[in-house]
Each structure stands twice: as structure tokens, then as C-alpha cells.
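J.: Whatever this is, show me its structure:
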Amino acid sequence: MSKNKAHTRYKFADGTPVPGVTTITGSQIGWNKQVLINWANRIGLEGISANKYRDDKANIGTLAHRMITDRLTGRETDTSDYSKNQIDAADNSALSFYEWAKAKDIVPILIEQPLVSETHRFGGTADIYAFVNGTAELIDLKTGSGIYEEMFVQVAAYAQLLIEHGHKVEVVRILNIPRTEDERFIEQVLGKHQRDVAWQIFLNCLNNYQLRRQLNGK
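T.: Next up, the predicted model:
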């Protein structure tokens, strides 16, 4: 089981590579840069390696995603690559999703399906595309301390990928599924205006990404 969904390689049918959503937004959006600097400084002062801490949390998030998507598709999750602490934390995240989902009729359509836009030349992998109580929804799962504006931009891009491939997207929903007791479950549904604005921001990021590559002779 891959521990890093963000490193999926996206290509056109002829093999031409294209950047992924997280590559584009990660290189162009720095809205929470000062928050990250402060966090890294605090972690360092506590004698903790920021890189190791980040990787540990990323692995928890990856496993939590896998637990949820495996359950939706009727598979058993392989946890052999993870520590007990990581498994326990991922369980906490997954349980919060199950609690949210228990009163809902969820029919999975696409689960972590890589898609590529031939029109805009980028790729991405939405977590869950499903009918929820009969409504076509894109559900993006986040493990962390909250929901941030950068996430709106990412899910707007995923929604456009789905639409370009012929899938109706009536609702775009972000769920922050907590790993520990000091984190909390947060649900954010993007309104139409938010989706439209976030998509325009993504297009600007994509344009800047492509221009920077040209600037560096790529």
C-alpha cells in the first residue's frame, strides 16, 4: 500500500506528464506560510524533528484515508506498514467519518480515482465521489487541525476534473477527521460562489506554475 497519494504521476494517454493538483497548489499558495514557520519553530524548541513529525502525521492521514475507502469498497485494510500509534490515530479519524456517515445512504462511484484534464493539462485524485442520500457529492478527507482556504482550491480543481469526465457534482464537501482528542471534527460544504472563486484561483495557480517552468527553461 502506497503511503503517499500526493506523488501519483499523472499522464496523458500518449505518456506526456502533467502536474497534479497538490503539486500546483503546493508550489503556488503560501497563505499559511507563517503558521507553518511558527509550528516548525515550536516543534524544534521541544526537541522534536519537524520532518519526522510531519511524516508520521502524513502516514496517519494516508492510513485513515485507506481505512475509510476500503470500508466503502468492501476491502480489508493492510496495516502492516504502520506502527501501533499510527494505527490507533488512524482508527480515531476513521471512526469520526463512520459516525458522520452512519445515518446516510452512501453509494460509492469513484474512490481515489486518478483523473487528468486534457483541457487544462493537470491531474488529480479525489478521495470520494459518491451518491449521498441520492445527491452526487465530492467528499475530500483531511486529517489535521482544521480546514483552510488552500483546501477549497484543491477540491474545486477535483470537482472540475470530475465534471470534465462527465460526472455531475452537486455538493463539494470537506471533512476534517481528527486523529487525537485535541483535534476536532469539522464539516465544510462549499457554496457555488466559493467553488467558482476557488476554481479561478486554481487556474491562476496553474498558469503561474506553467510560466515558472518556462522561466526556468522547462
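J.: burial of Tyr82, as a residue count?
T.: For Tyr82, the tally of surrounding residues (other Cβ atoms under 10 Å) stands at 21. In short, each C-beta sits where N, CA and C put it, glycine included.
J.: Wait, a strand at it?
T.: No. Read with DSSP: H, G, I helix; E, B strand; the rest coil, Tyr82 is coil and lies in no strand.
J.: Is it in contact with Ala89, as I believe?
T.: No. Applying Cβ atoms under 8 Å as the test, Tyr82 and Ala89 come out as separate, 9.5 Å apart.
J.: tell me the mean pLDDT over stretch 208-218?
T.: Across stretch 208-218, pLDDT averages out at 88.
J.: Please enumerate residues in contact with it?
T.: For stretch 208-218, contacts defined as Cβ atoms under 8 Å, 6 or more residues apart in numbering pick out 19, 23-24, 27-28, 121.
J.: Same check on stretch 180-194?
T.: Applying Cβ under 8 Å, 6+ apart, the external contacts of stretch 180-194 come out as 89, 92, 96, 99-100, 144-147, 151-152, 155-156, 171-178, 198.
J.: related to what we said a few turns ago, of the contacts of stretch 208-218, grab the buried ones for PyMOL.
T.: What follows is the PyMOL syntax for the buried subset of the contacts of stretch 208-218, where burial is set by 16 or more other Cβ atoms under 10 Å:
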select buried, resi 19+23+24+28
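J.: Out of the contacts of stretch 208-218, which one has the weakest pLDDT?
T.: Minimum pLDDT across those falls on Gln28, with 75.
J.: Just give the nearest non-adjacent residue to that residue, would you?
T.: Of all residues not flanking Gln28 in the chain, Cys205 sits nearest, at 3.9 Å (Cβ to Cβ, 6 or more residues apart in numbering).
J.: Hmm, the one you found is touching Val153, no?
T.: Yes. Between Cys205 and Val153 there is a contact at 7.0 Å, judged by Cβ under 8 Å.
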